[in-house]
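Colleague: With the input below, show me the fold.
(chains A and B)
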Amino acid sequence: GAVVSQHPSWVICKSGTSVKIECRSLDFQATTMFWYRQFPKQSLMLMATSNEGSKATYEQGVEKDKFLINHASLTLSTLTVTSAHPEDSSFYICSAIKFGGDTDTQYFGPGTRLTVL
Amino acid sequence: EDQVTQSPEALRLQEGESSSLNCSYTVSGLRGLFWYRQDPGKGPEFLFTLYSAGEEKEKERLKATLTKKESFLHITAPKPEDSATYLCAVHRSGSARQLTFGSGTQLTVLP
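Modeller: I've put the predicted structure just below:
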């Protein structure tokens, strides 16, 4: 199988604090991981591409200094929401690429629900 | 620019009532078309990858097909546990493994 975990599954924090979300590929190595954000009843919005050992690539409109991404190993990527504000409240989902076959398959984590008070 | 359009936005079926979900796409050089299932409050669960027109894949009550312009997800004799949002996504050749997602079809199967 291909299992991706996220931690925590939900977090509530005060405005102005920072929150770190971990994404792990449990049974395969992933040189590439992605971070998405999803609003209620909407599809996934890609925030950034995380590559092991190099800087993340951010999508247009996503603030690099606000959403810090670190991909320090082949099984772990972290997303830190710095100085969080209520508008950052959302469902954050990561995915990891598993190589094989004719193309690469993205396997998703269970998501992290962030609520900023 | 890659585009993925899913229809209908929402679909309500009676248990046992078969139907199809549509995914129309525009992409320059399709490398793969993916179907995912997403339950509320959870991450998407991988279902199928289709690579070329004419290809079909099956899993339990689900069957995915692909043409040069669209993909269908056929649901045969659905059960209430099939209720979920079904997402379609395309992977373009030459892209950095990024997927372009459709907005999804929310399926509700009534007992």
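Colleague: The chain: strands as residue ranges?
Modeller: You didn't pick a chain, so chain A it is. All strands of chain A, identified by DSSP state E, fall at A:4-7, A:10-13, A:19-25, A:32-38, A:44-51, A:57-58, A:67-73, A:76-81, A:90-98, A:105-108, A:112-116.
Colleague: ah, I was thinking of chain B
Modeller: B:3-7, B:10-14, B:19-26, B:30-38, B:45-50, B:56-59, B:62-66, B:70-75, B:84-92, B:99-101, B:105-110.
Colleague: what comes up buried for the second one?
Modeller: For strand B:10-14, a neighbour-count test (16 or more other CB atoms under 10 Å in any protein chain shown) marks B:Leu11, B:Leu13 as buried. All C-beta spots, glycine's among them, are computed from the backbone N, C-alpha and C.
Colleague: Next to chain A, which bits of chain B? Give me the list.
Modeller: B:31-32, B:34, B:36, B:41-46, B:49, B:51, B:87, B:91, B:96-99, B:101-104 (CB under 8 Å from any CB of the partner chain).
Colleague: repeat that with 10 Å
Modeller: By CB under 10 Å from any CB of the partner chain, the part of chain B that sits against chain A consists of B:4, B:6, B:9-10, B:30-34, B:36, B:38-46, B:48-49, B:51-52, B:85, B:87-89, B:91, B:93, B:96-104, B:106.
Colleague: what stretches of the chain score poorly on pLDDT?
Modeller: I went with chain A, as the question did not name one. A:1, A:101-103 (pLDDT under 70).
Colleague: hm, I was asking about chain B
Modeller: B:95-96.
Colleague: in terms of contact, does A:Phe39 touch A:Ser90 like I think?
Modeller: Yes. If you go by CB atoms under 10 Å, A:Phe39 and A:Ser90 touch, sitting 6.2 Å apart.
Colleague: Which one's more surrounded, the two?
Modeller: Set A:Phe39 next to A:Ser90 and count neighbours by other CB atoms under 10 Å in any protein chain shown: A:Ser90 wins out with 20 against 11.
Colleague: partner residues bridging the more buried one?
Modeller: A:Leu114 (DSSP bridges).
Colleague: isn't it right up against A:Val81?
Modeller: Yes. Using CB under 10 Å, A:Ser90 makes contact with A:Val81 at a distance of 9.4 Å.
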